[in-house]
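Undergrad: whatever this is, show me its structure:
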Amino acid sequence: MIVDAPPAPTRRRVPIGTALCWVAVGPTAAWATVRLAGLDRGPLVQALAFTPYVAGWSVLALALTLALRRWWPAAVAALVAVALLAVVAPRALASPQPPATGPTIRLLTANLLAGAADTGALVELVRQHRVDVLTVQEFTPDAQASLDRLGLDRLLPYRQLNAHVGTPGSALYSRWPISDAGIRNNRGGWGFTQAYGTLAVPGGPPVRVESAHPAAPSALDQVGAWRADLVAQPPATPGGGLRILAGDFNSTLDHGPLRALLRTGYVDAADATGTGLTGTWGPYDGDLIPPVTIDHVLVDRRIAADGVTVFDLAGSDHRPVLATLRLPAA
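TA: Residues are numbered from 1 along each chain as shown. Here you go, the predicted model:
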């Protein structure tokens, strides 16, 4: 008697549509996990700067799963999209401001790319927009001489300067007198410095302004310095004097160390005015890197942010940021 062998088990194939949906949803789910858990370590530090773009992709992934009627991937995609949009979308929405009734400050911050930026265009921005305070990063002796030659010394006569060849230099210019001024030396491998001082604003309380420039996480061996420099930034003093940090933070609002700094009592002016998704760095020189928002004006929570505008500046890889601020009454 011959007994037939049992049929070989067949492998269950995943439908192409289902596989496609998981391929679209999986990376966004992993990204949301890293972002929400604050796992910005190693190469993830650079990657997290592009979280707003991933949030946009998460919506497309959700639409794909719904169109193909793949309900389990759709459920995951919906959770991911909600999570990412919850942290990104508020940057495009203006938030209520504190009832500040003091004088207005127009503050401009600009990174000069080792002095290569168009100083004439920068002075014109100061003149045209009646800037009261200017913070500068990557400030060089040549840039200092050029700015004064173009009339910045007459527009903003008070200053705390630390010009250096290359990228370490920093500067603080003001329409009003500066006291208690100095230079902060960051410990990162880039050697960036930060000029600071307390401004005597007519009709308002004193306000301490600092030109912020933590290390850039441009390589894995710089991530530790980047984190250390951000941790060392002066915290807000909600129970004391007013502080403003303005400059190139080499961080977005998706980076944990910057969010920790905000929790000390600062508000990001662009975020508060609904312009927090405007890119301030890249693309430049034909590269394919999409713009990210790493230049910020952080203000004490008692200061109202009335508006933020981002400009182009020829010769620099950053875009200057102008914030119009109202101080509390003296």
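Undergrad: which residue comes closest to Thr51 once chain neighbours are left out?
TA: Asp254 (4.1 Å; CB to CB, 6 or more residues apart in numbering). (Glycine included, C-beta is placed from N, CA and C.)
Undergrad: specify the local secondary structure of that neighbour.
TA: At Asp254 the chain is in coil, as set by DSSP: H, G, I helix; E, B strand; the rest coil.
Undergrad: is it in contact with Gln46, as I believe?
TA: No - using CB atoms under 8 Å, Asp254 makes no contact with Gln46, being 11.2 Å away.
Undergrad: more neighbours: which of the two?
TA: Taking other CB atoms under 10 Å, Asp254 and Gln46 do not tie; Asp254 has more neighbours (26 against 17).
Undergrad: so what pLDDT did that one get?
TA: If you check Asp254, the pLDDT there is 98.
Undergrad: which regions of the stretch 51-200 of the chain lie under the pLDDT threshold?
TA: Regions of the stretch 51-200 of the chain meeting the criterion pLDDT under 70 are absent.
Undergrad: now the helices for it?
TA: 51-67, 71-88, 119-128, 141-149, 152-155 (DSSP state H, counting those that start in this stretch).
Undergrad: would you mark the buried spots in the second one?
TA: Under the neighbour-count criterion of 16 or more other CB atoms under 10 Å, helix 71-88 has 73-74, 76-78, 80-81, 83-84, 87-88 buried.
Undergrad: not counting its neighbours along the chain, what's nearest the residue positioned nearest the centre of the chain?
TA: Nearest to the mean C-alpha position of the chain, by CA atoms, centre = their mean, lies Ile294 at 2.8 Å. Nearest residue to Ile294 in three dimensions, chain neighbours excluded: Trp281, at 5.0 Å (CB to CB, 6+ apart).
Undergrad: how about the backbone phi and psi for that neighbour?
TA: In terms of degrees, to the nearest 10, the main-chain angles of Trp281 are phi -140, psi 130.
Undergrad: hang on, it packs against Val310?
TA: No - Trp281 lies out of contact with Val310 (CB under 8 Å); the separation is 10.6 Å.
Undergrad: ok, now which ones touch the nearest residue to Leu84 once chain neighbours are set aside?
TA: Spatial nearest neighbour of Leu84, chain neighbours left out: Ala55 (3.8 Å); criterion: CB to CB, 6+ apart. Shown in contact with Ala55 (CB atoms under 8 Å, 6 or more residues apart in numbering): 81, 84-85, 87-89.
Undergrad: I'd like to know how far Ala55 sits from Gly204.
TA: Computed as CB to CB, to the nearest Å, the Ala55 to Gly204 distance reads 38 Å.
Undergrad: cool, Ala304 as well?
TA: 12 Å.
Undergrad: Asp271 contacts Thr252, correct?
TA: No - Asp271 is not in contact with Thr252 according to CB under 8 Å; the separation is 10.6 Å.
Undergrad: where does the stretch 201-330 of the chain dip in pLDDT?
TA: 283-287.
Undergrad: show me where it has helices.
TA: Going by DSSP H, counting those that start in this stretch, the stretch 201-330 of the chain shows helices at 223-231, 256-262, 269-272.
Undergrad: take the ones you listed and write them to JSON lines, including distance to Val25 and mean neighbour count.
TA: Shown next, in JSON lines, are these (distance: least, CB to CB, whole Å; neighbours: other CB atoms under 10 Å):
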{"stretch": "helix 223-231", "distance to Val25": "28", "mean neighbour count": "20"}
{"stretch": "helix 256-262", "distance to Val25": "24", "mean neighbour count": "19"}
{"stretch": "helix 269-272", "distance to Val25": "28", "mean neighbour count": "26"}
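Undergrad: as CSV, these with distance to Ala171 would be great.
TA: Converted to CSV, the helices of the stretch 201-330 of the chain look like this (distance: least, CB to CB, whole Å):
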stretch, distance to Ala171
helix 223-231, 18
helix 256-262, 22
helix 269-272, 20
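Undergrad: which of those sits closest to Arg243?
TA: In terms of CB to CB, the element of the helices of the stretch 201-330 of the chain nearest to Arg243 is helix 256-262, at 11.0 Å.
Undergrad: now do the closest one: which elements does it pack against?
TA: Counting contacts by 3 or more CB pairs under 8 Å, 6 or more residues apart in numbering; DSSP states H and E, helix 256-262 packs against helix 223-231, strand 295-300.
Undergrad: output those as JSON lines; include the columns distance to Gly166.
TA: Shown next, in JSON lines, are the helices and strands packed on helix 256-262 (distance: least, CB to CB, whole Å):
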{"stretch": "helix 223-231", "distance to Gly166": "16"}
{"stretch": "strand 295-300", "distance to Gly166": "19"}
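Undergrad: which one of those lies nearest to Glu138?
TA: Nearest to Glu138, of all those, is strand 295-300, at 12.0 Å by CB to CB.
Undergrad: distance between the closest one and the chain's centre?
TA: 9 Å (CA atoms, centre = their mean, to the nearest Å).
Undergrad: from Thr280, how far out is Met184?
TA: One correction, residue 184 is Arg, not Met. Arg184 is 22 Å from Thr280, by CB to CB.
Undergrad: many thanks, have a good one.
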